[in-house]
Every structure is written in C-alpha cells, then in structure tokens.
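Novice: after the sequence you'll find the predicted model.
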Amino acid sequence: MTLQLAIQEDILIERCINKDEHAYAMLYHAHAKQVYYAVNRILTDTAEAEDIVQESFCIAFEQLGDLKNRATFGGWVKRIAINRSISFLRKRKLVFVDEANAESIEDEDPMEEEVLFANKVEDIKKAISALPDGYRTIISLHLFEDMSQDEIAKELGLSPGTVRSQYHRAKKKIVESLKERMYYGT
C-alpha cells in the first residue's frame, strides 16, 4: 500500500469512527472482494460466504476504535472473516479425523506436489471445493492464507499431527480428483 493510499484509508477509518455512512461504503468496497475470496475458499457456498463477509465488516466497523494500526485494516477484517468462517463450520458440526484414528499417510509420490500446480487453476479450485469441510478449511488456510500447520492447529483447536494428517489427505483427494479428470492416467 502506498503512503497516499494509507493516508486515504486512515482518513476513511477516522470518518467511519465518526459514523460517516459514505466512508463505510468506500472502505467496504476497497476490501470486500479480497475478504470474500478468503471466506469463499473455506465455505464454498456463495450465500454463506456473503453473509460472513457482511457480518465481519459489521464487527470490524463496530470495533474500529480498537484497531491499533490502521494500515492493517484489510488484514484485520480478513482475519475476522476467516475466524467467523471457522466458527460457522464448527457450528455445522465440522468433523476432523483424530490423529490417533488416522491411517498413516506417506508422501512418497513426488507427482502429488506437481499435480497441485501443473493443472489448470479452475480444476484445482473445483477439486478443493469438492473436499469435505475439514479438509477444505485446512488446505485453504495453508495454501491461500499462508498459515503454517501449527498456526492452523492453534486456530482450529486441533493437534499439529491431526492438521498434518488432514492436509495430506486433502492433497491426496485433490490429486485423485485431478487424475479422474484424466490429467494423469489411472
């Protein structure tokens, strides 16, 4: 973010604190798309994602006075939205496989890493969208939000081993999905 944009955003935040409706709209439109994409990668349901984005901005606007570094507004509201998405999935009884019950997972096939990046982006998005909620959440947080597996474990209240297991299973399912689409012969 350039200095000029940071100053403009700081002014918008100040105006929002003073209940300026136009400033709310401008700040929302500046960040809503990025926040929506982050949420939609976790939830995949458009209506649910839109609701979470709206709720997250409402929370952010209510708590603007608590924001210490105004230059981080975009990341802050995105973090609120991601946390709300995870809470939403928990309420839907999101099930993660416990590490103790997980099969041993070996990452021996070097093709798996290549498959994730060698295929068309749209097919990969479809494969991720088709994953069960738990797998999709973990792989989305890791790949798209750049969270480490330890950070994901802490965020979701899971053991790091469970997160690793779920991540590898998600990758395996994505590879299988892409193989089914005939990218690699079965």
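Specialist: Ah, there it is.
Novice: name the helices or strands packed onto the longest helix seen in the chain?
Specialist: When the chain is parsed with DSSP state H, its longest helix is helix 21-43. On a contact count with 3 or more C-beta pairs under 8 Å, 6 or more residues apart in numbering; DSSP states H and E, helix 21-43 meets helix 3-17, helix 46-62, helix 73-91, helix 133-143. Every residue, glycine included, has its C-beta placed from N, CA and C.
Novice: out of these, which one sits most buried?
Specialist: When these are scored by mean count of other C-beta atoms under 10 Å, the highest mean neighbour count falls to helix 133-143 (a mean of 23).
Novice: let me know the average pLDDT across that helix.
Specialist: Across helix 133-143, pLDDT averages out at 89.
Novice: now it against helix 21-43, angle please.
Specialist: 120 degrees (axes from the mean of the first three to the mean of the last three C-alpha atoms, to 10 degrees).
Novice: list the residues that contact L89.
Specialist: Contacts of L89 were listed using C-beta atoms under 8 Å, 6 or more residues apart in numbering, and they are I42, L43, D133, G134, T137.
Novice: dump those to JSON lines, plus distance to G157.
Specialist: Shown next, in JSON lines, are these (distance: C-beta to C-beta, whole Å):
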{"residue": "I42", "distance to G157": "16"}
{"residue": "L43", "distance to G157": "19"}
{"residue": "D133", "distance to G157": "15"}
{"residue": "G134", "distance to G157": "12"}
{"residue": "T137", "distance to G157": "12"}
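Novice: just how off-centre is the strand or helix carrying R169 within its chain?
Specialist: Using DSSP states H and E, R169 sits in helix 160-180. In terms of C-alpha atoms, centre = their mean, to the nearest Å, the centre of helix 160-180 is found 17 Å from the chain centre.
Novice: and for stretch 169-185?
Specialist: 22 Å.
Novice: and that stretch, which residues are buried?
Specialist: For stretch 169-185, a neighbour-count test (16 or more other C-beta atoms under 10 Å) marks R169, A170, K171, K173, I174, V175, S177, L178 as buried.
Novice: repeat for stretch 156-172
Specialist: Neighbour-count burial for stretch 156-172 [16+ other C-beta under 10 Å]: L156, L158, T162, V163, R164, S165, Q166, Y167, H168, R169, A170, K171.
Novice: what pLDDT does the last one get?
Specialist: Meaning K171. 90.
Novice: same deal with the third one?
Specialist: The score at T162 is 92. That number is its pLDDT.
Novice: doesn't Q149 make contact with it?
Specialist: No: using C-beta atoms under 8 Å as the test, T162 is too far from Q149 to be in contact (9.7 Å).
Novice: identify the residue spatially nearest to D150, adjacent ones excluded.
Specialist: P160 (5.4 Å; C-beta to C-beta, 6 or more residues apart in numbering).
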